[in-house]
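Chemist: Starting from these lines, generate the structure:
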Amino acid sequence: MRAVVQRVARAKVTVGSEVTGEIGPGVLLLLGVSGKDTETDALYLLDKTLNLRIFDDADDKMNLSLLDTGGGLLVVSKFTLYGDVRKGRRPSYIDAARPEDANRLYEFFVAEAKKRISKVTTGRFQAMMDVELVNDGPVTILIDSERNF
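Modeler: Numbering: from 1, shown residues only. Take a look at the predicted model:
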């Protein structure tokens with residue numbers, strides 16, 4: 001499982017004319033699921049995300065986590081995080097999970113997040129989405145449950 005974690009001042013996802021998810025200060029998380037991922041991978045990624053110390057404390061040091069700040073979490077599914085471009089010019093998505101498996105783990109991730117923080121919103125799985133964000137910092141972190149980076 002892979003994630004792009006972006007600290008944001010605000011972010012929202014729109015599908016057509018409907019806003020499906022919106023947060024103020026917090027984290028926009030782009031979430032990719034591989035065919036090998038399990039609930040253990042989802043829990044690892046969630047724990048890492050919620051506890052990342054990427055928010056400034058009173059001394060302007062990145063010392064606080066999303067749990068500390070009470071910020072929002074906007075989760076957007078992104079199978080393209082498993083796009084492999086090592087050969088040719090067209091990405092291969094062979095490592096991405098099948099949609100039904102990816103959706104199950106995506107929904108599991110979101111449900112577990114809602115147990116831990118109060119403000120969790122989402123995009124819509126397999127929909128064409130417009131994602132708007134105002135990066136704060138900018139701070140962008142990559143997380144991989146296989147610990148590749």
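
Chemist: tell me, which helix in the chain spans the most residues?
Modeler: helix 99-116 (DSSP state H).

Chemist: helix or strand right after that helix?
Modeler: Following helix 99-116 in sequence order, the next helix or strand is strand 120-122 (DSSP states H and E).

Chemist: Run me through the strand neighbours of that following strand, direction for each.
Modeler: strand 72-77 (parallel) (DSSP bridges).

Chemist: ok so, going back, which other residues reach the longest helix of the chain?
Modeler: Residues from elsewhere that reach helix 99-116 (C-beta atoms under 8 Å, 6 or more residues apart in numbering): 1, 31, 33, 35, 37-39, 41-43, 45-46, 50, 67, 73, 75, 77, 79, 96-97, 120, 122, 125-126. For every residue, glycine as well, the C-beta is placed using N, CA and C.

Chemist: Spell out, range by range, the helices that occur in the protein.
Modeler: Remark: helices assigned in the chain by DSSP H are 39-51, 66-69, 99-116.

Chemist: Okay, angle between the longest helix of the chain and helix 39-51 too, please.
Modeler: Orientation check (axes from the mean of the first three to the mean of the last three C-alpha atoms, to 10 degrees): helix 99-116 against helix 39-51 gives 40 degrees.

Chemist: give the contact list for the residue positioned nearest the centre of the chain.
Modeler: Residue closest to the mean C-alpha point of the chain, counted by C-alpha atoms, centre = their mean, is L29 at 2.1 Å. Each residue near L29 by C-beta under 8 Å, 6+ apart is listed here: 3-6, 49, 73-76.

Chemist: Just list whatever residues bridge to the closest residue to L133 other than its chain neighbours.
Modeler: Excluding the flanking residues, the one nearest L133 by C-beta to C-beta, 6 or more residues apart in numbering is A11, at 3.9 Å. As for beta bridges, A11 partners with I23, L133 under DSSP bridges.
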